[in-house]
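Colleague: any chance you can model this:
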Amino acid sequence: MGFRLTERDLAIAKARENASMARATARDPVDPRFRAGMEHLARQNGTITIGTSALDRMLAVLLDPWDLLGGGHGLVLGRTATGKTRLVLGIIRELLRLFFLGPSAVRIFTLDYKGDLFALVRDLIAWLMDRLPPQQSNMLVDALVIIDPFSTEALVPLNVLARDPESPMPAEVQAYEVASMFERMTRAPTGVVQDQMLFNLILLGVCDGHLALPDLVPLIMNPSARAAVAARSPNADVRRFFAEERPMPISSATGLQARFSRLLRLPATRLMLGARGCVDFRSLLRDKIVLANLGNPPLGCEDIARWWGGLITLKTTRAIFERSAEESTRRVLLAVDEWQEGLAAGDEIAENYERVLAMARSKGVALMLMSQSLAAAAKISSSLPKIVSTNTSHQFLFSASAEDAKTMAHMLPVSNRQPREPAQPWEERPRSPYLMAQEELARLVDGVTHLPDRTFYYWQRRAPYKAQLVRAIDIDVEAPAFLPAETACRLRVGGAAIPIAELERSSPRSPVPAAVAAVADDPAAILGPPRWPRPRPR
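Modeller: Residues are numbered from 1 along each chain as shown. Below you'll find the predicted structure:
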């Protein structure tokens, strides 16, 4: 008896054949080169999982930390509350696990203008301490340094006039940098007389070795005290300037004193700038985990936060370029949250970022710049957004504005195989069933503005593929409910901070107040010889 196929059997066989051919000819929604790269990283140790492919949830997206630390910088761009901070927190969490590798250990330096990253990283350190062995937990908290200029418990000494004996920087250059930052902070033009007086006063403090910035305020209105302090200066130019200076008009002296008072109006600022020394940023990069918080200034003191941001950026930049070949073997991740806020401190800060982006890789430092928009950076320096985009090898693009999406259009994956929507009966039939490259790019740019939260494009510049759409992993960090009192205190203020009460007791006593008191009863000594008003011309 023969076997006979029915029509139903033939239909099933044909459907199976068509499905098999469709699977064989269908395009993988994920770029095969990207898939191969991720599978290669999955077979290596020490990689960091940053998410899963948005087109294939079974494909983990991995990051090689040594490629980031040794081969370039990172840029994280997107609107607020889209997941930028959590992404960087996940990278920092894995890098902190590499902190115990000895000479090749990774160091972390965060500068936060908003305050979110600072709080999360501090909770992350507490979370790690609760899970690490006691010895490693103590090493982690011993290496922690917190720079918070608005703390009410303890402050890190940052006397900008203190000289570093190991630094090759001349005293004149140090004085010029401090004077420039002072003028940018006040945002008021100074005259020639004020400019000369400000620079030489700061140079006097730098060369004296016992003066701090608050000690210079009594000297402004007191020529006799200035001359007495300058007479003992080891710098001949300083002695000559104050010996030959002409009396400064009272209006100029009052204006300069008002600028000092504006900077030093907070007690915490006076204590930090008036401390006996200055923390060594070069050793911070070499040995410590640094968290700098500038995101919680008192109401009306945002200008002081900009001053501290500019000062910390300047000190960090100089420490990067002074690193030796041996120090450069210790990789450092410098994460800056809302870095465009720091550019408000002046054009020189933008120039510092340009120099660091171009040269920091040779010094073992990788920047991770986080920003809501590149438009703010373009207002300070029109070339800075392009320099940042060109010199960052790892780029993460979250939901952003149309302007920023156009700036980052170079990373978007144009495939030239995006199907065109079918034409309406009354429309002319297109020549190609696929979108043109410009049309597909415009559609991708528009899609960036509507990306869901925690979804981003990830692009590695040296990879053979364009950016891929990634869904970020969940980062759940919760500080332990109980910690020993001493450990909790060190987590709040760090290891280099000095209690405020101790700073007030050990504030250096310079000879300036005594010199002021000696001539305070002589108005002519303070104000100079009387100046009669000139008669107005008729």
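
Colleague: C-alpha only now, for contacts and for neighbours.
Modeller: OK.

Colleague: was I right to think Ala253 contacts Pro223?
Modeller: No - assessed by C-alpha atoms under 8 Å, Ala253 is found out of contact with Pro223, at 10.4 Å.

Colleague: who has more neighbours out of these two?
Modeller: Each of Ala253 and Pro223 has its neighbours counted (other C-alpha atoms under 10 Å); Pro223 has more, 23 against 19.

Colleague: pLDDT at that one, what is it?
Modeller: pLDDT, Pro223: 88.

Colleague: all strands for the stretch 51-200 of the chain, in order.
Modeller: Taking DSSP state E, counting those that start in this stretch, the strands of the stretch 51-200 of the chain run over residues 60-63, 73-77, 107-112, 144-147, 154-155.

Colleague: mean pLDDT and mean neighbour count for those - can I get that in CSV?
Modeller: Formatted as CSV, those follow (pLDDT from 0 to 100; neighbours: other C-alpha atoms under 10 Å):
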stretch, mean pLDDT, mean neighbour count
strand 60-63, 94, 21
strand 73-77, 93, 25
strand 107-112, 93, 24
strand 144-147, 95, 24
strand 154-155, 94, 24
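
Colleague: present the ones you listed as CSV; the columns should include distance to Ala19.
Modeller: Below are those laid out as CSV (distance: least, C-alpha to C-alpha, whole Å):
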stretch, distance to Ala19
strand 60-63, 28
strand 73-77, 42
strand 107-112, 53
strand 144-147, 60
strand 154-155, 69
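
Colleague: what's the burial count for Pro234?
Modeller: For Pro234, the count of nearby residues is 13 (other C-alpha under 10 Å).

Colleague: surely it touches Cys207?
Modeller: Yes - Pro234 lies in contact with Cys207 (C-alpha under 8 Å); the separation is 6.7 Å.

Colleague: now Leu369: which helix or strand?
Modeller: In this structure, Leu369 sits in strand 365-371 according to DSSP states H and E.

Colleague: bridging residues for the residue positioned nearest the centre of the chain?
Modeller: Centroid-nearest residue in the chain, with C-alpha atoms, centre = their mean: Val336, separated by 2.3 Å. Under DSSP bridges, the beta-bridge partners of Val336 are Leu111, Leu369.

Colleague: list the contacts of it.
Modeller: Each residue near Val336 by C-alpha atoms under 8 Å, 6 or more residues apart in numbering is listed here: Thr110, Leu111, Asp112, Tyr113, Leu367, Met368, Leu369, Met370.

Colleague: farthest pair in the residues you listed?
Modeller: Maximum pairwise distance in these, criterion C-alpha to C-alpha, is 15.3 Å, between Tyr113 and Leu367.

Colleague: hang on, the earlier thing: right, and the strands of the stretch 51-200 of the chain - which one's nearest Leu444?
Modeller: Among these, the nearest to Leu444 by C-alpha to C-alpha is strand 73-77 (16.0 Å).

Colleague: so that closest one versus strand 365-371, what angle?
Modeller: 10 degrees (axes from the mean of the first three to the mean of the last three C-alpha atoms, to 10 degrees).

Colleague: what packs against strand 73-77?
Modeller: Secondary-structure packing of strand 73-77 (3 or more C-alpha pairs under 8 Å, 6 or more residues apart in numbering; DSSP states H and E): strand 365-371, helix 384-391, strand 392-397.

Colleague: low-confidence bits of the stretch 101-250 of the chain, can you list those?
Modeller: Along the stretch 101-250 of the chain, segments meeting pLDDT under 70 span 101-104, 186-190.
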